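pasting the sequence and the predicted coordinates here, then a few questions.
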Amino acid sequence: MSAALLPLGANPWIWHSPVTYEALGDVLPRLSGWGFDCVEIPLENVRDWEPAAVTKLLDASGLAPAAVIAVMPPERNLVHTDPLTVQVTQDYLRHCVDAAHALNAPTVAGPVYTAVGRTWRMSRAERTAAYEELRENLAPVVDHARAAGVRIAVEPLNRYETSLLNTVGQTLDALTGLPEDGIGIALDTYHQNIEERSLPDAVRRAAGRVFHVQVCANDRGTPGADSLDWPGFLSALLGEGYRGPLCIESFTAHNDAIAVAASVWRPLAASQDSIATDGLAFLRRALDTTP
């Protein structure tokens, strides 16, 4: 199987947070020089970068925009919160959609439901009500995205970062009734390795709804330097017809804000650059040998 079938990308969070125009100016030429095809572009704060300026950086680097990554700090929530917070969060997500449209990025991906790190216990009835509330509050964002030709990819997170959506099955349940061409799932091997009994089975369960994929080792480090079932995972993705990007998402322990947010308490590789370059080499080899 040719690696060309799946564009390979990386996230600037490997080096920087927030990801500003200046950070992108540093990272994009290096990703291009190493041979990446695309790049994720996080939008932590709406003024971190302007689409017109970033488009010029992308054009100069030859990289495609894989996705705009939505970020959910404590003040952004769509469930179990007050109406003003819902409105502010919807406005932020619509801004992400507009930015993706301006960049010609196909997807807005991320945990677009509640703040990362926010957890609470729910009975079955309370969970059902929370999913109903999520659908109601996501619907106008999805409508906005469909009108812009952008898809929303909802990322389930591990149990320590959310209590709302941990598995593919829960995410599919939560999205029931929303337009399937407008909203689907973003898979992240780090979270799925914690929450799913089988990475390949999780992919197959999400068949046709996987809009974006993030990859890293089971410890958040370099893909391939780990215990994950990469042959099974990649074979399932390709077998189910996924042809979108695989983007390496890792984080630096040298940035106080991102280290605390992502619980990165130690270096995850010999260098941040090696997470990208060694991960890229591994993914190419793995795709080339995937039946």
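In hand now; what should we look at?

dihedrals phi and psi, the closest residue to residue 119 other than its chain neighbours?
Distances taken as Cβ to Cβ, 6 or more residues apart in numbering place residue 163 nearest to residue 119, at 4.1 Å, with adjacent residues excluded. All C-beta spots, glycine's among them, are computed from the backbone N, C-alpha and C. With angles defined as degrees, to the nearest 10, residue 163 sits at phi -110, psi 0.

can you pull the pLDDT of residue 163?
With respect to pLDDT, residue 163 scores 98.

quick one: it and residue 117 touch, right?
No: assessed by Cβ atoms under 8 Å, residue 163 is found out of contact with residue 117, at 10.4 Å.

all strands for the stretch 1-150 of the chain, in order.
Here the stretch 1-150 of the chain has its strands, by DSSP state E, counting those that start in this stretch, at 8-10, 38-43, 64-70, 107-110.

now distance to residue 224 and mean neighbour count too, for those, in a markdown table please.
What follows is these, written out as a markdown table (distance: least, Cβ to Cβ, whole Å; neighbours: other Cβ atoms under 10 Å):
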| stretch | distance to residue 224 | mean neighbour count |
| --- | --- | --- |
| strand 8-10 | 13 | 28 |
| strand 38-43 | 19 | 25 |
| strand 64-70 | 20 | 26 |
| strand 107-110 | 22 | 29 |
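
for residue 95, find the nearest of the ones you listed.
strand 38-43 (7.5 Å; Cβ to Cβ).

quick check: angle from the closest one to strand 64-70?
Here strand 38-43 runs at an angle of 30 degrees relative to strand 64-70 (axes from the mean of the first three to the mean of the last three Cα atoms, to 10 degrees).

partners of strand 38-43, with directions?
Strand pairing for strand 38-43, using DSSP bridges, gives strand 8-10 (parallel), strand 64-70 (parallel).

which helix or strand in the protein has the lowest average pLDDT?
In the chain, no helix or strand scores lower on mean pLDDT, DSSP states H and E than helix 256-262, which sits at a mean of 72.

in this structure, where is pLDDT below threshold?
1-4, 255-257, 259 (pLDDT under 70).

make TSV from the strands paired with strand 38-43 and add distance to residue 184 to it.
Formatted as TSV, the strands paired with strand 38-43 follow (distance: least, Cβ to Cβ, whole Å):
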stretch	distance to residue 184
strand 8-10	18
strand 64-70	12
